[in-house]
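**Q** any chance you could fold what I've pasted below:
(one chain, ligands or ions: 2)
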Amino acid sequence: MKTVRTQRRIGVLGGTFDPIHIGHLVTAEVVRLEYGLEKVIFIPASSPPHKQNVAVTPAFHRYIMTAMATYSNPHFFVSDIELKRPGPSYTIDTIKALLDIHGSDTELYFITGVDAVLELPTWYRIRELLELCHFVAATRPGSTGRIDDIIEHFGEIGRAHIHRLDTPELEISSTDIREKVKKGLSIKYIVPESVENYILKERLYR
Ligand code: ATP
Ligand code: MG
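**A** Ligands and ions are numbered 1, 2, ... in the order given. Next comes the predicted model:
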């Protein structure tokens, strides 16, 4: 008899999304397929804890761009949960809220790029967070060694709840996109067309 997995698996991709780009979208889709996630929720941060001293585009614009970039994928959703919450956007608060909404036996997979995973030891209440959800470190063969060090840093819970997944990591960052726009360079094909048009129309990053 086939065993049926009853536990729901949901992916979460948190970020500043200033702006959202193809790197985020490809990563989310690869992780979704690999881990059999029923959906991936994109969660723009209102006030990223690690970007407290950096100017970030108003959440309103970042939310709209994230919604436009994800709408054509029936498995992608956007949540304003962090935008509604005052103060810094701590992932542990978000994960707890999602477990309340979707049921405490839901397996949440928090999707991150290499840079974010390497910083995990500095995250707010990280050990408690690791107990509550899984992390998927989307990486390219090459940065695997450093991720393994992070997994070992957390010991047993690290080995059980931090997963490494080789993805076709694209050399794309929002920082690079903002710089390109400032210089008047093309950002075609590194963001969805709708996002490109929105950035030009609203004159963002000038
Ligand atoms: P910035 O340059 O402003 O920091 P970013 O491109 O890193 O922007 P974020 O919104 O900071 O985008 O990232 C959200 C999450 O997406 C993080 O976990 C980050 O590691 C991951 N990520 C960003 N770019 C990529 C990429 N090209 N491939 C895989 N993951 C990525
Ligand atoms: Mg970043």
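**Q** A strand includes residue 14, no?
**A** Yes. Judged by DSSP: H, G, I helix; E, B strand; the rest coil, residue 14 forms part of a strand.
**Q** retrieve the pLDDT associated with it.
**A** Residue 14 carries a pLDDT value of 96.
**Q** same deal with residue 2?
**A** 61.
**Q** tell me the residues of this protein that contact ligand 1?
**A** 15-18, 23-24, 27, 112-113, 115-116, 138, 169-170, 172-175 (Cβ under 6 Å from any ligand atom). For glycine as for every other residue, the C-beta is placed from the backbone atoms N, C-alpha and C.
**Q** residue 121 touches residue 151, doesn't it?
**A** No. Counting by Cβ atoms under 8 Å, residue 121 does not reach residue 151; the two are 11.2 Å apart.
**Q** pick out whichever of these two has more residues nearby.
**A** residue 151 (20 against 11; other Cβ atoms under 10 Å).
**Q** so where's the chain shaky on pLDDT?
**A** When residues are selected by pLDDT under 70, those of the chain lie in 1-5, 140-143.
**Q** just so I have it, where are all the strands in it?
**A** 9-15, 39-44, 76-78, 107-113, 134-139, 162-166 (DSSP state E).
**Q** quick one, what contacts residue 31?
**A** When contacts are counted by Cβ atoms under 8 Å, 6 or more residues apart in numbering, residue 31 touches 11, 37, 40, 109, 111, 136, 138, 165, 167.
**Q** put the buried members of the residues you listed into a PyMOL selection.
**A** Buried members of these, defined by 16 or more other Cβ atoms under 10 Å, are picked up in PyMOL with:
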select buried, resi 11+37+40+109+111+136+138+165+167
